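Peer 1: Predicted structure and sequence below. I'll ask about it afterward.
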Amino acid sequence: MPLKLIRQNYWQVVGKGSVLLSNSPSLDQLGELYTGRIVEEAALLSKAPAIIAKEIPNPPDSITSQAIKSEFEANTHRLVEELGIMGMLVVRGKNDPGIEIRAAQAESETGITIDIVKDTLGTDFELKLGSEKSNSQDGSGNIQTIWIGLGPEERGLRKELVVSRIADLIGVINGKLGWSESDKRTSDILD
């Protein structure tokens, strides 16, 4: 059974692999509706680690919201270091329809590229590339980060397919990065 660690402003799904799934805290709660649930379900399906911002019912003032974002980013960075994460997928909501993908840094030699995301998600969805590369790190340090922006239909009616394709994407990226669950030795295997 998967392990969930619940904190005041976020929760964490304990998993394995070189990709961390995340959503990030946002004041635009309507645009972020269901992104936490999508990240959680994709993490559980793919057995990947995840850090998920809680949906805040009443948007806090700007000082409180900045403190929540700072705490979330610090804990994301800590997880990246502790788990040896090599790449990060951040699921965001957006108010306009469709899926938009954007890279946080220059394309990576490590294995997470826009092309992998396009190939995996493009079979079932129309994709739009972000017009510019984002400079925000979301606490991920210097690892390759890809943002996946989901429109209202993708967070609602097509949610199950989105979850499945994101889980597939994590498997593809883990394979590209050379990580496999069989690489990890466990002490409970009988000789």
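Peer 2: Thanks, I have the structure now. What you see is a predicted model, and the numbers here were worked out from it, not measured in a lab. Numbers count the residues shown, from 1 in each chain.

Peer 1: list the helices and strands the lowest-mean-pLDDT helix or strand in the chain packs on?
Peer 2: The weakest-scoring helix or strand in the chain, judged by mean pLDDT, DSSP states H and E, is strand 3-6 (a mean of 73). Packed against strand 3-6 by the contact rule (3 or more CB pairs under 8 Å, 6 or more residues apart in numbering; DSSP states H and E) you find strand 10-14. (C-beta placed from N, C-alpha, C; glycine too.)

Peer 1: In the sheet, which strands lie alongside the helix or strand following the strand it packs on, parallel or antiparallel?
Peer 2: Tracing the chain past strand 10-14, the next element assigned as helix or strand by DSSP states H and E is strand 19-22. Paired strands of strand 19-22, with direction, are strand 50-53 (parallel), strand 87-93 (parallel) (DSSP bridges).

Peer 1: which residues touch strand 19-22?
Peer 2: 13, 39, 42-43, 46, 48-53, 76, 79-80, 83, 85-91, 112, 138, 140, 166, 170, 173-174, 177 (CB atoms under 8 Å, 6 or more residues apart in numbering).

Peer 1: again with stretch 92-100
Peer 2: Here stretch 92-100 makes contact (CB under 8 Å, 6+ apart) with 23-24, 26, 28, 30-35, 121, 125-130, 147-155.

Peer 1: how about 7 Å then?
Peer 2: 23, 31-33, 35, 121, 125-128, 130, 147-155 (CB atoms under 7 Å, 6 or more residues apart in numbering).

Peer 1: swap in stretch 33-46?
Peer 2: By CB under 7 Å, 6+ apart, the residues outside stretch 33-46 that reach it are 2, 13, 15, 21-23, 49-50, 52-55, 91-93, 150, 155, 159, 162-163, 166-167, 170-171.

Peer 1: need the longest helix for the chain.
Peer 2: Ranked by number of residues, the top helix in the chain under DSSP state H is helix 62-83.

Peer 1: on that earlier part again, inside helices: which ones of the contacts of stretch 92-100?
Peer 2: Among these, the residues falling in helices (DSSP H) are 35, 121, 152-155.

Peer 1: from those, which two are the most distant?
Peer 2: For the ones in helices among the contacts of stretch 92-100, the farthest-apart pair by CB to CB is 121 and 152; their separation is 16.9 Å.

Peer 1: on that earlier part again, quick check on the contacts of stretch 33-46: which are buried?
Peer 2: Buried members of the contacts of stretch 33-46, counted by 16 or more other CB atoms under 10 Å: 13, 15, 21-23, 49-50, 52-54, 91-93, 150, 155, 159, 162-163, 166-167, 170-171.

Peer 1: Now for residue 48: which residues touch it?
Peer 2: With CB under 7 Å, 6+ apart, residue 48 has these contacts: 15, 17, 19, 21, 170.

Peer 1: need those residues in TSV with distance to residue 7 and pLDDT, can you?
Peer 2: Formatted as TSV, those follow (distance: CB to CB, whole Å; pLDDT from 0 to 100):
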residue	distance to residue 7	pLDDT
15	16	89
17	21	90
19	21	92
21	16	94
170	23	93
